[in-house]
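Structure of the sequence below:
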Amino acid sequence: MAQSDFKIIVVGAGPAGLLLALLLSKQGISVIILDGADGLDVRPRATHYGPPAVQELRRAGVMDDVHADGFRPKVMCWRKIDGTYLAGLDNTVLGEDHPDRVACLPLDQLGPILYKHLQQQPTAEVKWGHKVAGLGQSDDKAWVQVSVAGTNEEEIKLEADYIVGCDGANSQIRRSLFGDMNFPGKTWDTQVVATNVYYKGFDEHGYEDANFIIHPENWHMASRITKDGMWRVSYGEKGGFTHEELKARQPAKFAAMLPGNPKPEDYVLANFSPYRVHQRLAEKMRVGRFLLAADSAHLCNPFGGLGLTGGIVDVGGLSDCLYGIWSGKADEDILDVYDTVRRQKYTEMVNPISSENLERLSSDPETVLEPGKDHFLTLCVKAAKDKGFAKELALGINALQYDFTQHFKKAE
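Have a look, this model is predicted:
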């Protein structure tokens with residue numbers, strides 16, 4: 001098969017799908033993105049990109065734009081609810097010029113950046129209003145049945161060499177492959193309420209760029225997310241409350257949680273989004289010529305940014321695998337390696353660490369630093385006294401990566 005005949009379909013025009021298409025099309029590979037919506041997702045959602053995600057975004061050529069619109073957070077710390085500093089991790093130990101320092105930019109601002117760059121690629125195309133309704137595959141092709149918004153036509157059939165589901169937590173590709181209810185894992189009893197807020201009290205009380213407040217009831221995260229002073233405050237609530245009940249409880253939660261015990265007139269609430277959080281992993285990330293990546297394949301709670309960073313690392317690795325097949329440098333079984341490795345990274349790293357991050361928040365702040373209580377915070381305390389170790393700890397998340405090019409054929 002000629003390279004010109006090789007085609008990838010990516011389902012989902014969120015950041016994961018756009019990034020995958022951008023990485024592939026920059027190599028000259030033909031890519032079509034299908035999305036049932038009529039445009040980019042405008043929800044703010046996740047915000048922080050760990051070092052391995054920054055590397056993939058840099059490889060895609062978009063980090064200059066990310067830095068222009070976003071910023072580089074400095075200190076991430078854990079506190080008691082009265083503001084007492086417990087432990088922290090200072091990203092500035094890597095230096096101002098380190099290319100892979102943590103970056104912050106809400107996803108609704110990353111999407112337009114990726115889309116702008118993708119539009120410059122002649123081998124890439126985005127088809128909005130194209131909703132996947134069914135799928136199938138043979139030995140040499142995969143296809144999806146697609147309904148097109150605004151038309152009365154019957155479903156159309158689109159074929160490709162491989163089809164990648166990047167269509168999020170409710171992925172139609174995953175559901176079609178494994179069944180609507182088959183997404184192994186668990187849903188936390190706790191609900192998370194994510195808010196965006198302008199409140200001067202964070203700066204007035206000396207808060208760092210990212211603050212995790214440990215408290216049995218009023219645990220939360222308060223993190224600066226934009227240059228103009230917007231903060232993301234995410235906090236826990238018991239399950240069972242309706243959206244209206246959660247909204248009614250929000251002023252009292254802020255008064256109890258935030259520094260200065262603010263009243264509603266003291267801040268501007270820009271966004272309020274309750275949601276359930278999950279720890280789930282698909283049975284497989286490859287089924288023949290169908291592949292899954294990012295939230296389509298796995299979910300975790302948002303504390304620590306492992307879901308976003310892990311999904312971006314998925315995409316970078318998968319782009320290398322598909323490039324290897326297209327270029328003749330790799331056999332198709334490299335996709336089995338992708339399936340095995342990325343699921344293993346979730347099982348051994350993303351799931352346990354993100355779970356610990358959430359459980360830590362509701363632990364006892366009075367005892368959390370006692371010997372043997374919390375291994376990670378113990379490491380943070382050590383890092384505060386050892387700059388070399390602090391650098392190592394700041395880059396520890398790079399263990400999420402895997403070099404799939406080592407499975408390319410050796411040059412004869």
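
okay, and for the stretch 1-150 of the chain, where does confidence drop off?
The stretch 1-150 of the chain contains residues with pLDDT under 70 at 1-2, 4.

in it, which spans are helices?
Taking DSSP state H, counting those that start in this stretch as the criterion, the stretch 1-150 of the chain carries its helices at 15-25, 51-59, 63-69, 107-118.

likewise the stretch 251-400 of the chain?
Using DSSP H, counting those that start in this stretch, helices in the stretch 251-400 of the chain cover 306-327, 334-345, 351-361, 375-383, 387-394.

which of those helices sits most buried?
Of all the helices of the stretch 251-400 of the chain, helix 306-327 carries the top mean neighbour count, a mean of 24, counting by mean count of other C-beta atoms under 10 Å. For every residue, glycine as well, the C-beta is placed using N, CA and C.

So which elements touch that one?
Packing partners of helix 306-327 (3 or more C-beta pairs under 8 Å, 6 or more residues apart in numbering; DSSP states H and E): helix 15-25, strand 48-49, helix 51-59, strand 298-299, helix 334-345, helix 351-361.

Tell me which strands the fourth one pairs with, and in which orientation.
Translated: strand 298-299. strand 268-281 (antiparallel) (DSSP bridges).

how about the partner strand: buried residues?
Neighbour-count burial for strand 268-281, counted by 16 or more other C-beta atoms under 10 Å, picks out 269, 274, 277-281.

from the residues you listed, which is closest to Val313?
Set against Val313, the nearest of these by C-beta to C-beta is Leu281 (14.9 Å).

hang on, that closest one packs against Tyr346?
Yes. With contact defined as C-beta atoms under 8 Å, Leu281 counts as touching Tyr346 (5.2 Å).

list the residues that contact both of the two?
Both Leu281 and Tyr346 are contacted by 297-298, under the criterion C-beta atoms under 8 Å, 6 or more residues apart in numbering.

For stretch 257-277, measure first residue to last.
Start to finish, the residues bounding stretch 257-277 are 21 Å apart (C-alpha to C-alpha, to the nearest Å).

between the helices of the stretch 251-400 of the chain, which gets nearest to Gly239?
Using C-beta to C-beta, the nearest of the helices of the stretch 251-400 of the chain to Gly239 is helix 351-361, at 14.0 Å.

Can I get the closest one in PDB? Just the C-alpha atoms.
What follows is helix 351-361 as a C-alpha-only set of coordinates in PDB (Å, rounded to 0.1, in the frame of the first residue of the first chain):
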ATOM      1  CA  ASN A 351      -4.800   5.000  39.100                       C
ATOM      2  CA  PRO A 352      -2.900   4.600  42.400                       C
ATOM      3  CA  ILE A 353      -1.300   8.000  42.500                       C
ATOM      4  CA  SER A 354      -4.400   9.900  41.500                       C
ATOM      5  CA  SER A 355      -6.400   7.900  44.100                       C
ATOM      6  CA  GLU A 356      -3.900   8.800  46.800                       C
ATOM      7  CA  ASN A 357      -4.100  12.400  45.800                       C
ATOM      8  CA  LEU A 358      -7.800  12.500  46.400                       C
ATOM      9  CA  GLU A 359      -7.700  10.400  49.600                       C
ATOM     10  CA  ARG A 360      -4.900  12.600  51.000                       C
ATOM     11  CA  LEU A 361      -7.200  15.700  50.900                       C
END
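
What lies in contact with it?
78, 188, 190, 212-215, 219-221, 236, 277, 279, 281, 300-301, 303-304, 306-307, 368, 374, 376-377.

could you give the mean pLDDT of that helix?
Helix 351-361 shows a mean pLDDT of 97.

That one vs helix 306-327, what angle?
160 degrees (axes from the mean of the first three to the mean of the last three C-alpha atoms, to 10 degrees).

and the residue nearest to Gly39 when sequence neighbours are not counted, what is it in contact with?
Leaving aside its chain neighbours, Gly39 sits nearest to Trp128 (6.3 Å; criterion: C-beta to C-beta, 6 or more residues apart in numbering). Contacts for Trp128 were tallied using C-beta under 8 Å, 6+ apart; they are 13, 35, 37-39, 149.

Can you check which of the helices of the stretch 251-400 of the chain gets nearest to Gln172?
Short answer: helix 306-327, nearest of the helices of the stretch 251-400 of the chain by C-beta to C-beta, at 17.2 Å.
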